[in-house]
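> Mind folding the following:
(one chain, ligands or ions: 1)
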Amino acid sequence: MKKILIIHTGGTISMQEDAATGEVKQGKMNPLLTSIYDVQAANINTIELFFLPSPHITPNHMLHLKETIIEQFEKEGLDGIVVTHGTDTLEETAFFLDITTKLPVPIVMTGAMRSSNELGSDGLYNLLSAIKVASSEQAKELGVLVVMNDEIHAAANVTKTHTSNIATFRSPQYGPIGVVNKSGVFFHNRPIQQRQFQIKNLTKNVLLLKAYAGMDHSILEALEPLQMDGLVIEALGQGNLPPMMLPGIKSLLNKHIPIIIVSRCFNGIVQDVYSYEGGGKHLKQLGAIFSNGLNGPKARIKLMIALESTSSQKEIEEIFTF
Ligand SMILES: NC(=O)C[C@H](N)C(=O)O
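Model prediction:
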């Protein structure tokens with residue numbers, strides 16, 4: 001029998017709806033969710049690490065989760081780990097673990113879009129699917145996986161795309177890497193393994209901005225008192241910015257604050273194609289770093305982590321090329 005650890009962190013999967021008011025609240029773990037532990041052909045233990053809606057999760061919670069996973073793996077000799085999490089920031093935690101927590105056994109994250117006592121609740125089903133994937137030999141060495149709604153996604157690519165639909169998690173351009181259903185767990189793709197970072201503390205202030213038509217440098221100046229260590233910008237299209245932002249961009253780069261360019265588009269990767277003022281080529285010449293297809297929130301996590309071990313422009317560029 002496989003030895004699986006479930007670590008609960010909160011989110012809708014462990015929330016309940018108040019039938020009278022319709023409000024959904026975080027409580028202690030719903031007994032319905034725990035009933036699943038008896039019906040599995042696996043030896044399951046659980047830890048209730050946090051009870052937090054995922055907008056309350058910070059990178060320091062992610063670090064604590066990573067440490068707990070490693071400690072438990074070393075102590076208990078686990079065959080797989082399942083983490084339940086709120087869906088709003090699930091992709092950030094999944095990616096954080098993906099680049100910091102390489103283990104020889106599967107780490108699988110899941111959540112729910114409907115609270116545990118709602119009609120059509122997806123929590124129990126997703127948890128069961130995640131346990132199946134965490135118990136699967138084929139799920140090893142694939143990095144952190146996100147299992148929701150019968151699909152298996154790679155942490156680096158998956159993103160929440162819908163506010164309420166249970167089919168909210170999608171992997172732009174690559175799609176899911178596998179499916180899990182009544183017959184078993186099937187993979188049709190292997191994700192690229194992520195570079196790993198050793199991390200003990202999180203001390204860097206990295207901000208994320210989304211570009212818009214007519215955006216100028218005033219917002220960058222307004223951010224100066226925050227003393228940022230790095231900035232990620234979800235730029236326009238293939239990685240272009242309005243020229244009115246350039247004075248602020250140049251001032252940050254002159255202070256050696258790294259600027260990572262990602263796109264605000266749902267699909268595609270940024271490239272330094274355009275040479276007009278503020279175009280990708282121009283930004284790259286100024287010293288902005290183009291990311292490798294990560295979305296804004298994940299690029300922010302990666303820069304926070306990278307800055308703990310390097311401030312070299314060249315090394316940060318390398319880190320964001322694969
Ligand atoms: N479906 C969910 O889990 C959403 C919830 N707000 C959370 O992220 O905690």
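> switch to C-alpha atoms for all contacts and neighbour counts from now on
Noted.
> ok, now which ones touch Ala130?
Applying CA atoms under 8 Å, 6 or more residues apart in numbering, one finds that Ala130 lies in contact with 82, 108-110, 147-148.
> Revised request: answer the last question for Gly175.
Gly175 touches His153, counting by CA under 8 Å, 6+ apart.
> rewinding a little: take the contacts of Ala130 and write them to JSON lines, including distance to Asn295 and neighbour count.
Conversion of the contacts of Ala130 to JSON lines gives the following (distance: CA to CA, whole Å; neighbours: other CA atoms under 10 Å):
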{"residue": "Val82", "distance to Asn295": "24", "neighbour count": "28"}
{"residue": "Val108", "distance to Asn295": "20", "neighbour count": "30"}
{"residue": "Met109", "distance to Asn295": "19", "neighbour count": "33"}
{"residue": "Thr110", "distance to Asn295": "20", "neighbour count": "27"}
{"residue": "Val147", "distance to Asn295": "19", "neighbour count": "30"}
{"residue": "Met148", "distance to Asn295": "20", "neighbour count": "28"}
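> what residues does the stretch 101-250 of the chain put near the ligand?
Within reach of the ligand by CA under 6 Å from any ligand atom, the stretch 101-250 of the chain has these residues: 112-113.
> where exactly do the helices run in the stretch 101-250 of the chain?
123-134, 218-223, 246-254 (DSSP state H, counting those that start in this stretch).
> So which of those helices is the most surrounded?
helix 123-134 (a mean of 25; mean count of other CA atoms under 10 Å).
> Can you give me the neighbour number for Glu137?
Taking other CA atoms under 10 Å as the criterion, the count of residues near Glu137 is 13.
> ok, so what distance separates it from Ala20?
45 Å (CA to CA, to the nearest Å).
> For the ligand, state which of the contacts of Ala130 is nearest.
Taking CA to the nearest ligand atom as the measure, the ligand lies nearest Thr110 of the contacts of Ala130, at 9.5 Å.
> re the thing from before, quick one: the helices of the stretch 101-250 of the chain as a markdown table, columns for mean pLDDT and distance to Phe320 too.
Formatted as a markdown table, the helices of the stretch 101-250 of the chain follow (pLDDT from 0 to 100; distance: least, CA to CA, whole Å):
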| stretch | mean pLDDT | distance to Phe320 |
| --- | --- | --- |
| helix 123-134 | 95 | 29 |
| helix 218-223 | 96 | 22 |
| helix 246-254 | 97 | 17 |
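> can you list those helices in TSV and add distance to Val206?
Listed next are those as TSV, based on distance: least, CA to CA, whole Å:
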stretch	distance to Val206
helix 123-134	32
helix 218-223	11
helix 246-254	13
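> so who does the residue in the stretch 151-300 of the chain that the ligand sits nearest to touch?
Taking CA to the nearest ligand atom, the ligand has its nearest neighbour within the stretch 151-300 of the chain at Ser164, 7.5 Å off. Ser164 makes contact with Met113, according to CA under 8 Å, 6+ apart.
> about what we covered before: how about the contacts of Ala130, which pair is most distant?
Val82 and Met148 (12.3 Å; CA to CA).
> Touching both of the two, which residues are there?
Common contact partners of Val82 and Met148 (CA under 8 Å, 6+ apart): 110, 130.
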